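Engineer: fold the following.
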Amino acid sequence: MLNQPVPDFALPATSDKTIQLSDFLGKYVVVYFYPKDSTPGCTTQGMQFRDAYADFQQANTDIIGISRDSVKSHENFKAKFSFPFELLADTEEIACGIFGVMKMKNMYGKQVRGIERSTFVINPQGELIREWRGVKVDGHAQEVLTFIQSLSR
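Structural biologist: I've put the predicted structure just below:
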């Protein structure tokens, strides 16, 4: 999918919104997929994007987080940690399918199907220009920010 247009999609989101990928044309957008609201790794990841949010905004970049949790769950998660960006509810795995982030994972010795923590950067023309799969949380938001900042140098 690299250097290809990303198919448009629309999902219910926090703040009583329905967010469409095409809403972000003209800006960079970081789309990060995470397994579950309010779990330790996902909370840390969200907080790192939150803490760097002003720097992303300065680099003409929006952030959206996506998991399969409900909008209600997302609202609680967003409010609890003051995330300044929207969280999208992909309960039917529409965006998950487009980006191919569903994987079989081991959870307590059982095989379960879930989201592989992944991040994608889409350029102002709507094309995928960078992806990270199997993301390790620590330092990841900064790595994404550094990548985006390098584009304008």
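Engineer: which stretches of this protein have low pLDDT?
Structural biologist: By pLDDT under 70, the low-scoring segments of the chain are 153.
Engineer: now do the helices in it.
Structural biologist: 40-51, 53-58, 71-81, 94-99, 140-151 (DSSP state H).
Engineer: would you list the ones you listed in CSV and tack on distance to Leu25 and mean neighbour count?
Structural biologist: From N, CA and C alone the C-beta is placed, and that goes for glycine too. Converted to CSV, the helices of the chain look like this (distance: least, CB to CB, whole Å; neighbours: other CB atoms under 10 Å):
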stretch, distance to Leu25, mean neighbour count
helix 40-51, 21, 18
helix 53-58, 17, 15
helix 71-81, 24, 17
helix 94-99, 16, 19
helix 140-151, 16, 17
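Engineer: can you lay out those helices as TSV showing distance to Leu128?
Structural biologist: Listed next are those as TSV, based on distance: least, CB to CB, whole Å:
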stretch	distance to Leu128
helix 40-51	19
helix 53-58	17
helix 71-81	24
helix 94-99	9
helix 140-151	13
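Engineer: what's the closest of those to Asp16?
Structural biologist: Closest approach to Asp16 among the helices of the chain is made by helix 71-81 (8.7 Å; CB to CB).
Engineer: between that closest one and helix 40-51, how big is the angle?
Structural biologist: 60 degrees (axes from the mean of the first three to the mean of the last three CA atoms, to 10 degrees).
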